[in-house]
Structures are given as structure tokens and as C-alpha cells.
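[1] What shape does this take:
(chains A, B, C and D)
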2 protein chains.
Amino acid sequence: MNSKAIEEFRSFNRFYTSVIGLLDKHILNSSYTLAEVRILYELYHGKDVTASDLVERLSIDKGYLSRVLLQFAKRKFLTRERSQADTRVVLINLTQAGKKEFEVLNKSSNDQIKEILRKLSGKDLDLLLASMSQIKTILKQKNNYEKPDQRR
Amino acid sequence: MNSKAIEEFRSFNRFYTSVIGLLDKHILNSSYTLAEVRILYELYHGKDVTASDLVERLSIDKGYLSRVLLQFAKRKFLTRERSQADTRVVLINLTQAGKKEFEVLNKSSNDQIKEILRKLSGKDLDLLLASMSQIKTILKQKNNYEKPDQRR
DNA sequence: GATAAATAGTTGACTTAGTCAACTAGTGTT
DNA sequence: AACACTAGTTGACTAAGTCAACTATTTATC
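    As a prediction, this is how the structure comes out:
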């Protein structure tokens, strides 16, 4: 099979790993774990999110998650209330403080990316976004990256 | 500024993070750390590599690296000899066993990617690779992802 | 040419993120 | 009612990575 293609694919992966690494490193200066940021992201973008939802979406250990959520609760970033329908599940929602916290992180990430994009010409920016969209649609159609394997 | 662009960029990053995560998870089944695999990769693709080289290229802690290299040396995956020119530096090279070890890992990764690419039509494959190359050239020109900040 | 400053790599001590398994409490199934 | 199953918590642990101090050597400065 086309080993050139494989090598190019892997070359891109290495390259993009370092891109993501750079962006992540930036966020990590904000004294939050990557996992924590992702959790905040999910909570910010959903309502009545459950721990199981997060476990599934983020492929994170539920024990670990439980502790992270406990920390967030202590810091008043979120509220947890038992579901009426099923009292085993806890519905999680960000408080105003939690939303604020996420927004600060989010803005900082946006600013960093803005800085990167600002350096590009309009044409390059268009090309870049088109290429990204292209890759997403091609890889999404056949594979299921969205839902990684279940975690305990 | 164009906040749509930022959101698309970030959306791609999230998506590709999960792609890479999936690929990495695969390698991680091989009882090697990601860092270890990268180290093997660098050693395989270069000769007389030094610890400092690796620290710079992989943005890895030199203490941690030192221990990983020690393990590899114990397992006879590599040789370390003092440089004549500068006796502080140690020149690292993979042994046959080390090369073999990397090749096994490498083949396993290749097979996994082959599996992904196999599902694509020839046209999609071309588009995919073209998009990847596009992204690389656009992002590389203005930013320096290749050389992350120095580590101690 | 001696002394200071810098660099390569090692070591020890430690922290933190994440894992694993066992457990409680509640729900669905027969 | 008994059984299996799911949601979430807790305790015990480990691997990965960090940080700082140290040795040995090289380079720069006076």
C-alpha cells in the first residue's frame, strides 16, 4: 500500500501534535489541567450535564472526574443537584462564577489563536480553514473519533 | 476580529486532538510512554544524538530524559559514548536491538494508519494529504512550532 | 593562564495527574 | 423479592513528569 501516504499522514500528526502542544502549554499556565479545562468546556456548553456524560465525552476516569468535580464544587464553580427522575444521577451546572472562570480561560485561548491567525494573509486564512474543514469531513465520515471507547 | 475563524480553528483543534489521542492510545498499549516512543523515533532517525538534542526537540525534562535513557541502556537498546571533541556530551545511538524495537512499534503505528486510510477513496486520500500539506506550510511559515521553548 | 560563567548530564526528593478496584445507593428486570 | 446493572464516591496506589542541586567539563573574560 501507499507508504508515502502513511508517512505524510504521520508527518502531519507530528507537526500538529506540536501545534496543539503549544496551545495546550499556554492553557496549562492557567493552573488548570487539560482535563479540567475540557470539563469546564463541556459544562459551559451544556446544561444538566451528568458525570457519565463527561466520562463518555472526554474518555476520563470516573474516579478522577469525581474528584475534579468536587474541587470545582468547593470553589463554587458548579452546582450539583440530584435528578428527580433518577436519584442516582447528579445534574451539574456551572454557577455564574464558574462561567466567568471558563470565559476567562476561553478568552485567553482565543487571544492566543487570534495572534496566530493575525499573521496570516486573508488568502492563507481562507485556505487554512478550508483545509481544516476538509480534513474534518474526510476523517469523520468513516471513523468515529467523536466517541472514544467507554471508560469505567 | 474574525471570531468565526477562531472558532473554526479551535473546532479543528478539538477534533484533531481526539484523532491524535486515538492514535496515541494505540501506541500506549505497547507499554511505552509517548515520550519514550518519541525518543526512540529521534534516535532512530539520527545518529550521534545527544541528550541536549532530545531535550530541545522534544521539550522534555532533562532529568526525566536521563532516566529514560538509562532504562533503554539497561535494555541494550542504545549505546552511549562520550564525544571526543567535548567530553561532557554523550553520543547516543540505537543498537540493532533498539532499532528492531522501534521498527516493531513503527510498523504497528503504520498498520493502524493504513487501516484508516484504506477506508478512503483515492480522491479523498489525495484531498486529505493536500489539505494536511497546506496546513503545514501555512502555519509553519509564520510560526515556529518546530522548536519549542528550551527546557532545563 | 587563572577565574568566572556557562553547558551536558546525573541524581534525589517530590508532586500531580491519572488508574484501578471496591463500595454505596439507587434503578430496571424477571 | 431477588438479581443484575448503572451512577457516582472513595481509598490505595503508581507512573510520569518536575524541580533543584550537584559533578564534570568547556568556553569566555580579564
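
[2] Could you tell me the angle between the host helix or strand of A:V19 and helix B:3-28?
    Using DSSP states H and E, A:V19 sits within helix A:3-28. Calculated by axes from the mean of the first three to the mean of the last three Cα atoms, to 10 degrees, helix A:3-28 forms an angle of 110 degrees with helix B:3-28.

[3] and helix A:3-28, what does it pack onto?
    helix A:34-44, helix A:96-118, helix B:3-28, helix B:96-118, helix B:122-142 (3 or more Cβ pairs under 8 Å, 6 or more residues apart in numbering or on different chains; DSSP states H and E). Placement of C-beta: from N, CA and C, glycine included.

[4] how about the third one, does it reach DNA strand D?
    No: legend: contact between helix B:3-28 and DNA strand D by Cβ under 7 Å from any atom of the strand is lacking; minimum distance shown is 7.9 Å.

[5] How far away from the center of its chain is that helix?
    17 Å (Cα atoms, centre = their mean, to the nearest Å).

[6] Tell me if it is near DNA strand C.
    No: applying Cβ under 7 Å from any atom of the strand, one finds helix B:3-28 separated from DNA strand C by no less than 9.0 Å.

[7] can you pull the buried residues of that helix?
    The neighbour-count check on helix B:3-28 (16 or more other Cβ atoms under 10 Å in any protein chain shown) flags B:5-6, B:8-10, B:12-13, B:15-20, B:22-23, B:27 as buried.

[8] Next, the angle helix B:122-142 makes with it.
    Here helix B:3-28 runs at an angle of 110 degrees relative to helix B:122-142 (the same axes, to 10 degrees).

[9] Just want the angle from helix B:3-28 to helix A:34-44.
    Using the same axes, to 10 degrees: helix B:3-28 against helix A:34-44 is 130 degrees.

[10] orientation of helix B:3-28 relative to helix A:96-118 in degrees?
    Going by the same axes, to 10 degrees, helix B:3-28 is angled at 100 degrees with respect to helix A:96-118.

[11] which one is the residue positioned nearest the centre of chain A nearest to, not counting chain neighbours?
    For chain A, the residue nearest the mean C-alpha position is A:R38 (4.1 Å; Cα atoms, centre = their mean). Closest residue to A:R38 apart from its sequence neighbours, by Cβ to Cβ, 6 or more residues apart in numbering or on different chains: A:L58 at 5.3 Å.

[12] what's the answer for A:L91, then?
    A:D48 (4.2 Å).

[13] Look at the one you found and say how many residues are nearby.
    Using other Cβ atoms under 10 Å in any protein chain shown, A:D48 has 12 neighbouring residues.

[14] from memory it sits against A:L94, does it?
    No: contact criterion Cβ atoms under 8 Å: A:D48 and A:L94 do not qualify, at 11.2 Å.

[15] Contact residues of chain A facing DNA strand C?
    A:33-35, A:60-64, A:86-88, A:152.

[16] quick one: low-confidence ranges for chain A?
    Confidence mapping of chain A against pLDDT under 70 gives the ranges A:1, A:28-29, A:142-152.

[17] Can you give me every residue that contacts A:G46?
    Contact analysis of A:G46 by Cβ atoms under 8 Å, 6 or more residues apart in numbering or on different chains lists A:D53.

[18] make it 10 Å
    A:53-54, A:57, A:92-94 (Cβ atoms under 10 Å, 6 or more residues apart in numbering or on different chains).

[19] and A:V55, how many residues sit next to it?
    19.

[20] Ok, A:S131 next?
    22.

[21] try A:L69
    Neighbours of A:L69 (other Cβ under 10 Å): 20.
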